[in-house]
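Undergrad: Generate coordinates for the sequence data below:
(one chain, ligands or ions: 1)
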Amino acid sequence: MRILLVEDELGMAKALTAALARHDILVDHVSTLAMAAEAVLSGVHAAVILDRKLPDGDGLSLIPVLRRSQVGLPIIVLSALGTPDDRVAGLDNGADDYLAKPFSVDELLARIRAVMRRPTLVEDQIVSVGKLRFNLNERAAVIGEEPLTLTRRELLALELLVRRSGRTVARAALEEAVYGFDDEIASNTLDAHISRLRRKIAPANVEIHGIRGVGYLLRAIQ
Ligand code: CA
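TA: Below is the predicted model:
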């Protein structure tokens with residue numbers, strides 16, 4: 001799972017990123033409303049953790065922007081503003097949950113699991129390409145009845161290719177989906193992930209077609 005963290009306290013952001021990584025959650029960290037509005041356009045995040053007091057305004061003002069770019073995107077507000085009135089304001093502005101600082105990582109993880117379980121999100125969205133079936137809610141793939149075992153980065157790449165199957169996905173978009181904003185990317189590592197992914201999904205009669213200098217396209221082999 002990949003989430004967007006909007007937080008201007010760097011110490012807090014670092015600690016959270018490390019703590020969530022131990023639970024296989026990849027965190028993209030941004031520190032302003034403007035950066036968050038742009039980051040969410042990538043469409044790769046399963047949830048947003050949003051601070052309130054940010055350098056360019058109240059995090060709550062970002063909620064409508066987030067909702068417009070991705071319907072149903074779970075949003076957890078994390079704030080030092082923790083009075084009942086503050087919480088009500090957060091929830092009334094459309095946050096799915098509101099956690100007052102200080103909080104424990106375990107509690108945050110529980111809240112993340114809870115918002116991901118909301119009924120509007122559990123309706124299975126399954127995309128089929130060839131014999132490959134990708135469940136967008138569970139973020140798992142099967143070929144026929146066989147579960148497909150993928151590394152985290154292979155899964156992130158396949159998810160984006162599946163969401164846009166039959167269309168070319170730009171290399172930059174794939175790199176953005178597969179790597180965190182702070183990851184160093186060697187120029188050929190994306191290709192290495194794609195070649196391993198190709199071998200794994202070949203039995204599904206699908207191919208990842210590379211278009212030199214442009215990107216990749218997932219399609220069924222006729
Ligand atoms: Ca803050």
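Undergrad: alpha carbons only for contacts and neighbour counts from here, please
TA: Fine.
Undergrad: Do I have it right that Leu41 meets Val71?
TA: No: with contacts counted by CA atoms under 8 Å, Leu41 stays clear of Val71, the gap being 11.8 Å.
Undergrad: Tell me which of the two has more neighbours.
TA: Leu41 (14 against 8; other CA atoms under 10 Å).
Undergrad: Next up, phi/psi of the closest residue to the more buried one other than its chain neighbours, please.
TA: Leaving aside its sequence neighbours, Leu41 sits nearest to Ser69 (CA to CA, 6 or more residues apart in numbering; 6.2 Å). Main-chain torsions, Ser69, degrees, to the nearest 10: phi -80, psi -30.
Undergrad: you'd agree Ser69 is up against Val40?
TA: Yes: look at Ser69 against Val40 with CA under 8 Å: they come within range, at 7.0 Å.
Undergrad: For those two, indicate the residue with more neighbours.
TA: The neighbour comparison of Ser69 against Val40 (other CA under 10 Å) goes to Val40, with 20 against 15.
Undergrad: if I look at that one, how far off is Gln70?
TA: 8 Å (CA to CA, to the nearest Å).
Undergrad: Look up phi and psi at Asp58.
TA: Dihedral pair for Asp58: phi -80, psi 130, per degrees, to the nearest 10.
Undergrad: any idea how far it lies from Asp51?
TA: 8 Å.
Undergrad: Give me the more crowded residue out of those two.
TA: When Asp58 and Asp51 are compared on other CA under 10 Å, the one with more neighbours turns out to be Asp51, at 27 against 15.
Undergrad: who are the neighbours in contact with that one?
TA: Taking CA atoms under 8 Å, 6 or more residues apart in numbering, we find Asp51 in contact with 6-8, 59, 77-79.
Undergrad: Is the closest residue to the ion within the chain bridged to anything, and to what?
TA: Relative to the ion, the nearest point of the chain is Lys53 (4.1 Å; CA to the ion). Judged by DSSP bridges, the bridge partners of Lys53 are Asp58.
Undergrad: pretty sure it contacts Ser61?
TA: No: between Lys53 and Ser61 there is no contact under CA under 8 Å: 10.8 Å.
Undergrad: of those two, who's got more company?
TA: Higher neighbour count among Lys53 and Ser61: Lys53, with 18 against 13, using other CA under 10 Å.
Undergrad: Let me see the confidence value for that one.
TA: Model confidence at Lys53, given as pLDDT, is 95.
Undergrad: what about it, distance to Leu60?
TA: According to CA to CA, Lys53 stands 9 Å off from Leu60.
Undergrad: do the same with Gly180
TA: Going from Gly180 to Leu60 by CA to CA gives 24 Å.
Undergrad: of the two, who's got more company?
TA: Neighbour count, other CA under 10 Å: between Gly180 and Leu60, Leu60 has more, with 21 against 17.
Undergrad: Need the phi and psi values for that one.
TA: Backbone torsions of Leu60, given as degrees, to the nearest 10, read phi -60, psi -30.
Undergrad: Pull the contacting residues for it.
TA: Neighbouring residues of Leu60 by CA under 8 Å, 6+ apart: 52, 90, 93, 95.
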